[in-house]
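**Q** build me a structure from this.
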Amino acid sequence: MRLIFKLFFWFLVLTCLGLALAVWFSLSSQPLVVNNVRLSHEDIARAQVILRENDPRHLASGEQSTIIISESDLNLAANYLLQKKLRGGARVSLTPGNLDALGTVQLPIQPLQRYFDRSYVNIHLHLTSGRKRFTITRLQIGQLRVPDFVAKKILKYGLPLFYQRPEYQLANRVIRHIDPQEEELHITFQWDPTLIDSVQSTFLNDVDKAALQVYYDYLLVLQKSGLSRNGSLTHLLQPMFALAQQRSLEQDPVAENIALLTLLGVWATNKDLAQLIPDLRTRPHRFLLKLERRTDFARHFLGSAALTARGDSALADAIGIYKEVADSNHGSGFSFTDIAADRAGVRFGELATRSAASARQVQAFMAARFEETDIMPKARDLPEFLNSSELKRRYGNVGSDAYNDVMAEIERRISACRIHREII
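**A** Below is the predicted model:
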């Protein structure tokens with residue numbers, strides 16, 4: 001019996017030692033990849049071209065088509081997703097039949113703080129393409145090369161968890177072949193128009209559908225009573241956030257704010273509310289609410305707040321600038337005023353969903369009496385209606401010193417709003 005206890009003791013010691021060594025060799029003090037990629041308005045424009053050229057609605061049911069994604073765009077998407085979900089970066093390279101990826105994730109906790117100021121997990125992954133799936137041919141975590149049989153176990157037991165996600169199941173029904181080429185990824189898909197409803201449902205997986213229905217019903221009640229049809233956006237936000245504050249006594253306040261802002265953002269930007277409310281029988285009146293006496297400001301504010309609440313602040317910023325650049329070429333012209341409303345919405349969405357404590361603070365602030373200037377700074381004096389030649393003459397390109405000076409002034413004004421001074 002004593003021998004059995006000794007063997008068990010040494011088994012535990014060696015197991016703990018092995019795990020400690022594995023952690024030591026898996027962590028690094030320096031990142032393998034630094035994410036300095038930022039989503040820009042040019043990326044949005046290029047994505048729109050890709051989507052327009054590959055719009056599946058032009059295909060007959062069952063017809064196949066191939067999307068070609070460049071290596072640079074694949075890197076942009078990978079870094080955007082890592083930036084959105086984790087603090088990390090990635091670098092992907094493509095050759096015929098192969099995908100090689102380097103990735104870095106900074107740990108939120110520092111298990112080896114005594115030795116490292118910051119701890120990173122660096123991953124080197126090499127994949128060989130099949131038809132729909134890739135095969136792992138190399139997996140290295142830090143300095144630790146994962147044996148092939150362990151990598152295969154990860155594939156066998158880990159990927160099924162991913163495969164169960166609705167996003168993957170939808171992609172698996174459509175994608176027929178994935179073919180890495182030199183600096184390009186070719187994805188062949190077969191169009192099925194019945195997937196549209198499934199895609200809309202997947203879009204709402206991270207939003208409480210019951211909460212959406214509650215806020216939708218309350219919006220109709222407010223409009224029926226004569227409130228929230230026109231005038232200041234504050235007349236709508238105050239009672240809606242008062243309801244969110246009440247519901248958050250028993251519900252997750254972040255989830256409540258996401259649902260509320262998602263509903264208002266979709267309505268304000270004239271998107272189809274049916275994708276949010278399955279049983280849509282009565283539609284609210286057309287959005288006519290204003291900030292600074294302008295409906296476009298309110299639309300920009302709520303649209304950006306909704307995108308940000310769903311975790312897409314970088315996307316909201318890029319889309320806002322893209323719209324203005326597009327308007328400078330054809331339309332109403334480039335307007336820093338609209339960008340100010342976009343940025344105010346982004347900052348509001350971040351504050352409303354940053355944490356449970358922040359979400360409750362925003363609810364309390366908005367449920368009480370507040371003024372427009374408490375959430376949206378004065379912006380009507382900013383340059384607007386600039387055509388492309390005037391924009392270039394006065395500010396050069398997006399990102400120039402002159403352009404950034406105006407953007408810095410916008411940020412200064414937003415930071416001076418009472419909600420950002422009181423909720424830190």
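
**Q** domain parsing for the chain?
**A** By the assignment in automatic domain parsing, the chain contains the domains 27-190, 205-422.

**Q** can I get those in JSON lines with mean neighbour count and mean pLDDT?
**A** Bear in mind the C-beta positions are built from the backbone N, C-alpha and C, glycine included. Listed next are those as JSON lines, based on neighbours: other C-beta atoms under 10 Å; pLDDT from 0 to 100:
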{"stretch": "domain 27-190", "mean neighbour count": "15", "mean pLDDT": "69"}
{"stretch": "domain 205-422", "mean neighbour count": "18", "mean pLDDT": "86"}
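
**Q** residue 256: what's it in contact with?
**A** Residues in contact with residue 256 (C-beta atoms under 8 Å, 6 or more residues apart in numbering) are 208, 211, 244, 247, 248, 359, 363.

**Q** check the secondary structure at the residue lying closest to residue 175 once chain neighbours are set aside for me.
**A** Of all residues not flanking residue 175 in the chain, residue 189 sits nearest, at 5.2 Å (C-beta to C-beta, 6 or more residues apart in numbering). Put simply, residue 189 is strand when judged by DSSP: H, G, I helix; E, B strand; the rest coil.

**Q** doesn't residue 270 belong to a strand?
**A** No: counting by three-state DSSP, residue 270 falls outside a strand, being coil.

**Q** give the contact list for the closest residue to it other than its chain neighbours.
**A** Closest residue in space to residue 270, ignoring its immediate chain neighbours: residue 287 at 7.1 Å, by C-beta to C-beta, 6+ apart. By C-beta under 8 Å, 6+ apart, the contact list for residue 287 reads 267, 268, 270, 295, 298, 299.

**Q** can you rerun that using 10 Å?
**A** Residues in contact with residue 287, defined by C-beta atoms under 10 Å, 6 or more residues apart in numbering, are 228-230, 233, 236, 264, 267-270, 295, 298-299, 302.

**Q** what helix or strand is the residue lying closest to residue 247 once chain neighbours are set aside on?
**A** Leaving aside its chain neighbours, residue 247 sits nearest to residue 256 (5.4 Å; criterion: C-beta to C-beta, 6+ apart). Element membership of residue 256 [criterion: DSSP states H and E] is helix 253-268.

**Q** now the contacts of residue 287 as a markdown table including distance to residue 419?
**A** Output for those, formatted as a markdown table (distance: C-beta to C-beta, whole Å):
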| residue | distance to residue 419 |
| --- | --- |
| 228 | 20 |
| 229 | 25 |
| 230 | 24 |
| 233 | 14 |
| 236 | 16 |
| 264 | 17 |
| 267 | 22 |
| 268 | 19 |
| 269 | 22 |
| 270 | 26 |
| 295 | 22 |
| 298 | 16 |
| 299 | 20 |
| 302 | 15 |
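
**Q** okay, and the beta partners of residue 184?
**A** Beta-bridge partners for residue 184, by DSSP bridges, are residue 70, residue 181.

**Q** wait, it sits on residue 94?
**A** Yes: the pair residue 184 and residue 94 passes the contact test of C-beta atoms under 10 Å, sitting 6.4 Å apart.

**Q** in terms of helices and strands, where is the closest residue to residue 365 other than its chain neighbours?
**A** The spatial neighbour of residue 365 that comes closest, neighbours along the chain excluded (C-beta to C-beta, 6+ apart), is residue 419 at 5.7 Å. Under the criterion DSSP H and E, the helix or strand holding residue 419 is helix 418-422.

**Q** need the contact partners of that helix.
**A** For helix 418-422, the external contacting residues (C-beta under 10 Å, 6+ apart) are 344, 347-348, 351-352, 361-362, 365-366, 370-371, 373-377, 414-415.

**Q** ok so, going back, send me the following helix or strand past the helix holding residue 256 as PDB with only the CA atoms.
**A** Downstream of helix 253-268, the next assigned helix or strand under DSSP H and E is helix 295-309. This file holds the C-alpha atoms of helix 295-309, laid out as PDB (Å, rounded to 0.1, in the frame of the first residue of the first chain):
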ATOM      1  CA  THR A 295     -32.300  64.000 -38.300                       C
ATOM      2  CA  ASP A 296     -29.100  62.900 -40.000                       C
ATOM      3  CA  PHE A 297     -27.100  63.500 -36.700                       C
ATOM      4  CA  ALA A 298     -29.500  61.200 -34.800                       C
ATOM      5  CA  ARG A 299     -29.300  58.500 -37.500                       C
ATOM      6  CA  HIS A 300     -25.500  58.600 -37.400                       C
ATOM      7  CA  PHE A 301     -25.400  58.600 -33.600                       C
ATOM      8  CA  LEU A 302     -27.800  55.600 -33.200                       C
ATOM      9  CA  GLY A 303     -26.400  53.600 -36.200                       C
ATOM     10  CA  SER A 304     -22.800  53.900 -34.800                       C
ATOM     11  CA  ALA A 305     -23.900  53.200 -31.200                       C
ATOM     12  CA  ALA A 306     -25.700  50.000 -32.400                       C
ATOM     13  CA  LEU A 307     -22.700  48.700 -34.300                       C
ATOM     14  CA  THR A 308     -20.400  49.500 -31.400                       C
ATOM     15  CA  ALA A 309     -22.700  47.900 -28.800                       C
END
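
**Q** which neighbouring elements make contact with helix 295-309?
**A** Packing partners of helix 295-309 (3 or more C-beta pairs under 10 Å, 6 or more residues apart in numbering; DSSP states H and E): helix 234-247, helix 253-268, helix 313-329, helix 336-353.

**Q** between those helices, which gets nearest to residue 174?
**A** Nearest of the helices and strands packed on helix 295-309 to residue 174, taken as C-beta to C-beta: helix 313-329 at 22.8 Å.

**Q** check contacts around the residue nearest to residue 96 when sequence neighbours are not counted.
**A** With C-beta to C-beta, 6+ apart as the criterion, residue 96 has its nearest non-adjacent residue at 5.6 Å, and that residue is residue 181. By C-beta under 10 Å, 6+ apart, the contact list for residue 181 reads 68, 71, 94, 95, 96, 97.

**Q** hang on, the fourth one packs against residue 179?
**A** No: contact status for residue 95 versus residue 179: not in contact, 11.7 Å apart, counting by C-beta under 10 Å.

**Q** now the common contact residues for those two.
**A** Residues touching both residue 95 and residue 179 by C-beta under 10 Å, 6+ apart: none at all.

**Q** quick check: closest non-adjacent residue to residue 234.
**A** With C-beta to C-beta, 6+ apart as the criterion, residue 234 has its nearest non-adjacent residue at 5.7 Å, and that residue is residue 372.

**Q** tell me who's in contact with that neighbour.
**A** By C-beta under 10 Å, 6+ apart, residue 372 lies in contact with 232-234, 237, 290-293, 297-298, 301, 378, 417.

**Q** appreciated, that's everything.
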